[in-house]
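# pasting the sequence and the predicted coordinates here, then a few questions.
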Amino acid sequence: MPLSTTRAPHRAPAAALPIVAALAAALLLAGCASSRGLAPQGIATDADTLATGRSLGGASLSDADFPQADWWTAFADPQLDALIDEALRDSPSLAAADARARSARAQAAVADAQRNPTLGAGARVTGVQLPATLVPEPLGGDFKASNALTLNFAWAPDLWGGQRAAFEAAAGQARAADVDAQAARLTLSANVARTYIALAQAFDTQSVAAREQARASRLRDLAAQRVEAGLDNQLQLRNADASIGIAGQQAQAAQQQIDALRNALAALLGKGPDRGLDIARPRLLEAPAPTVPAVLPSELLGHRADVVAARWRVEAAARGVDAAQAAFKPSVNLSALVGLAAGNLSDLFGSDAVLGLGGPAISLPIFDGGRLRAGLSQRDADYDLAVASYNQTLVTGLRDVTDALQSARAFDAQIATVGEAAEAARQAFELADTRYDAGLGNQLDVLAAQRPLFQLEQQLAVLRAQRLGAAVDLDRALGGGLVPTAPISSTPDLAGATTP
């Protein structure tokens, strides 16, 4: 007779019935500690709803999209390139950022390890002697020893995904810390570039003061000759002396600024002040024309490190909410202890010395004084805070791009205007100086032409430095060439915000 393919219904062993009954009872009581009424409220902003068309109107759109990782090479100053490379290699601030990232990764590894079973071994020798005055013989007055070798196993199965959610929350924080470390590199390189530009401005200011001092000295020499010849009086001589003094003070102030900026650069490099003395005068070219990618604002999500880090923190906070919700559900813990135990070492490895203990344990929160609800409420608030921080970071990022672009265009216009005025002032001074030298004009005409030229040259030095600074700000606002890995979000309001 052929064997039947019909399988008999599976019957649970009698020993398992109490466990199943206990689990069923636990599930029925699950409503005692409830998370009803608790939920996060934050809603992430869609970047494409942040209008930029009118603010960025008229801007040059770049096919090259975002800056390169070595964006500072556009200034064509080899010394600046070397300084930024040195800072990225030696700065203590980056070492601190890297240490924070390693710490966050270690915390994520701890959370991951807590999901896995544990197995430990132990060896123990225990001795006891009870006084005969309390316990009669043969137990009292005799020293007894026990020896044990054990293996301990424990595991809490992740029935509701809470342990995985806790691990993913820690992993999200670790990824955010990694992105923060990248952001620290961009911040450091931008600070070096800005300080270097300020050093260039200080040198330019010093050069303007030196030219002014030379003009004033020449005017004083001419005034002294005319006073000696009886053509002028001491007033013209004193006026010339005053101009020399003012220019000299400006040169001294510029030198003080140069010294301070060299010290600042040395500190950014992680070196002592003597390192700054080796920094030569910058040789920066004109700032490049400002351009912005044609894909703003949505693509900014994947290029700005602060925005990406904020998104990771939203994801981590969402997983933290999941972990807190799982804590309301029943949990099962499996444990076992096996080993050998005997009073005498000679008996330790006999068959009668086998020790065993183990089984499942089910626990369910019923009344906890509101601890679980308070914990979930905190996680909800953490999520709302992370979403608000993300929204603010996104708004700030678009503002940074717009500010830098508008500033660059405004400085270009001002440089052109002031440059024309400075050229006109230079021609006026040369004409007044020539007339005075030929005896056709007076010193007041020369001084009147000299002052605006000095002021306009100083203003040009400031504007050129500000224009270079705006170029740095724009590269930094566009992410500085970093492409950090952003999460493909499982959070509904971020699900469409993926990395390009």
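Happy to help now that I have it.

# phi first, then psi, for residue 122.
phi -150, psi 150 (degrees, to the nearest 10).

# can you check residue 334 too?
Dihedral pair for residue 334: phi -110, psi 130, per degrees, to the nearest 10.

# and the gap between it and residue 159?
Remark: distance between residue 334 and residue 159 (Cβ to Cβ, to the nearest Å) = 12 Å. Using the backbone N, CA and C atoms, a C-beta is placed for each residue, glycine as well.

# what ranges does this protein have for its strands?
Applying DSSP state E to the chain gives strands spanning 60-62, 118-129, 143-155, 291-293, 331-342, 354-363.

# tell me which of those strands lies nearest to residue 467.
Nearest to residue 467 among the strands of the chain is strand 291-293; the distance by Cβ to Cβ comes to 14.6 Å.

# now do that closest one, average pLDDT.
What strand 291-293 shows for mean pLDDT is 70.

# likewise stretch 462-472?
Predicted confidence along stretch 462-472 averages 90 (mean pLDDT).

# still on that earlier bit, just the strands of the chain: most buried one?
A comparison of the strands of the chain by mean neighbour count, using mean count of other Cβ atoms under 10 Å, puts strand 291-293 on top with a mean of 20.

# tell me who's in contact with the residue nearest the centre of the chain.
If you average the C-alpha coordinates of the chain and look for the closest C-alpha using Cα atoms, centre = their mean, you land on residue 180, 3.0 Å from that point. Residues touching residue 180, when contacts are defined by Cβ atoms under 8 Å, 6 or more residues apart in numbering, comprise 97, 100, 101, 305, 309.

# next, give me the two most distant ones among those.
Among the contacts of residue 180, 100 and 305 lie farthest apart (Cβ to Cβ), at 14.0 Å.

# looking at these two, which is more packed in?
Residue environment comparison for residue 100 versus residue 305 gives the larger neighbour count to residue 305, 24 against 15, counting by other Cβ atoms under 10 Å.

# low-confidence bits of the protein, can you list those?
By pLDDT under 70, the low-scoring segments of the chain are 1-35, 37-38, 44-65, 231-233, 293-298, 300-301, 442-444, 486, 488-500.

# now the helices for it?
The residue ranges that make up the helices of the chain, judged by DSSP state H, are 17-28, 78-90, 92-113, 162-228, 234-268, 273-277, 305-326, 371-437, 443-477.

# right, so those helices: which one is the most enclosed?
With neighbours defined by mean count of other Cβ under 10 Å, none of the helices of the chain is more surrounded on average than helix 305-326, at a mean of 24.

# could you name the helices and strands sitting against that helix?
Of the remaining helices and strands, those touching helix 305-326 by 3 or more Cβ pairs under 8 Å, 6 or more residues apart in numbering; DSSP states H and E are helix 162-228, helix 371-437.

# hmm, residue 195 and residue 469 touching each other?
No: counting by Cβ atoms under 8 Å, no contact exists between residue 469 and residue 195, whose distance comes to 10.3 Å.

# could I get the contacting residues of residue 387?
Contacts of residue 387 were listed using Cβ under 8 Å, 6+ apart, and they are 40, 42, 43, 44, 314, 317.

# tell me the phi and psi of the nearest residue to it once chain neighbours are set aside?
Counting by Cβ to Cβ, 6 or more residues apart in numbering, the nearest residue to residue 387 once its immediate chain neighbours are dropped is residue 42, at 3.1 Å. Backbone torsions for residue 42, taken as degrees, to the nearest 10, come to phi -70, psi 140.

# shouldn't residue 42 be in contact with residue 392?
No: between residue 42 and residue 392 there is no contact under Cβ under 8 Å: 11.6 Å.

# how close does the closest residue to residue 361 other than its chain neighbours get to residue 368?
Among residues not flanking residue 361 along the chain, residue 333 sits closest, at 4.6 Å (Cβ to Cβ, 6+ apart). Here residue 333 is placed at a distance of 18 Å from residue 368 (Cβ to Cβ).

# please apply the same query to residue 158.
As for residue 158, its distance to residue 368 is 21 Å (criterion: Cβ to Cβ).

# looking at these two, which one has more neighbours?
When neighbours are counted by other Cβ under 10 Å, residue 158 comes out ahead of the other of residue 158 and residue 368, with 17 against 14.

# measure that one to residue 360 for me?
As defined by Cβ to Cβ, residue 158 lies at a distance of 15 Å from residue 360.

# I'd like to know how far the nearest residue to residue 357 once chain neighbours are set aside sits from residue 424.
Across the structure, with Cβ to Cβ, 6+ apart as the measure, the residue nearest residue 357 apart from its sequence neighbours is residue 337 (4.5 Å). When distances are taken as Cβ to Cβ, residue 337 and residue 424 turn out to be 95 Å apart.

# how far away is residue 267 from residue 408?
When distance is defined by Cβ to Cβ, residue 267 is 28 Å away from residue 408.

# swap in residue 353?
With distances taken as Cβ to Cβ, residue 353 is found 83 Å from residue 408.
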